[in-house]
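Participant: pasting the sequence and the predicted coordinates here, then a few questions.
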Amino acid sequence: MKNKSKKKKLLTEKDLMKMEIARELGVWEQIEQHGWESLSNAACGRIGGIMSKRLRERQQAGQ
């Protein structure tokens, strides 16, 4: 028997952004119930694309 215990990791700024975007897209409940692996490739791509866009915007605003 494998004993898998999930350790609580500290959330990074990117983790928090990913969670915020998931809430905005309406998939956060699915993630809470079934985990990130339950998302379709399209949903993951959408989240990643929005994250990339926001990170680029932040970087440009800081220059």
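Facilitator: Yes, it's here.

Participant: next, Gly48: secondary structure please.
Facilitator: Remark: Gly48 carries the secondary structure label helix [criterion: DSSP: H, G, I helix; E, B strand; the rest coil].

Participant: let's have the chain start at 391 instead
Facilitator: Done: numbering now begins at 391, and the last item shifts to Gly438.

Participant: can you read off the pLDDT for it?
Facilitator: With respect to pLDDT, Gly438 scores 97.

Participant: before we move on, what about Lys399?
Facilitator: 83.

Participant: residues in contact with it?
Facilitator: Lys399 sits next to no residue when contact means Cβ atoms under 8 Å, 6 or more residues apart in numbering. No exception for glycine: its C-beta is placed from N, CA and C like everyone else's.

Participant: ramachandran coordinates for it?
Facilitator: Per-residue torsions, Lys399: phi -100, psi 150 (degrees, to the nearest 10).

Participant: distance of it from Asn431?
Facilitator: Distance, Lys399 to Asn431, using Cβ to Cβ, to the nearest Å: 24 Å.

Participant: again with Gly425
Facilitator: For Gly425, the distance to Asn431 - Cβ to Cβ - is 15 Å.

Participant: same deal with Arg413?
Facilitator: 20 Å.

Participant: neighbour count for those two, which is higher?
Facilitator: More crowded of Arg413 and Asn431, by other Cβ atoms under 10 Å: Arg413, with 12 against 7.

Participant: that one sits in which helix or strand?
Facilitator: helix 403-415 (DSSP states H and E).

Participant: centre of the chain to that helix, how far?
Facilitator: 5 Å (Cα atoms, centre = their mean, to the nearest Å).

Participant: show me what it is packed up against.
Facilitator: helix 418-424, helix 431-452 (3 or more Cβ pairs under 8 Å, 6 or more residues apart in numbering; DSSP states H and E).

Participant: for the last one, packing partners?
Facilitator: In terms of contacts (3+ Cβ pairs under 8 Å, 6+ apart), helix 431-452 is packed against helix 403-415.

Participant: thinking again about what came up before, for the helix holding Arg413, buried residues please.
Facilitator: 407-408, 411-412 (16 or more other Cβ atoms under 10 Å).

Participant: kind regards, and thank you for your time.
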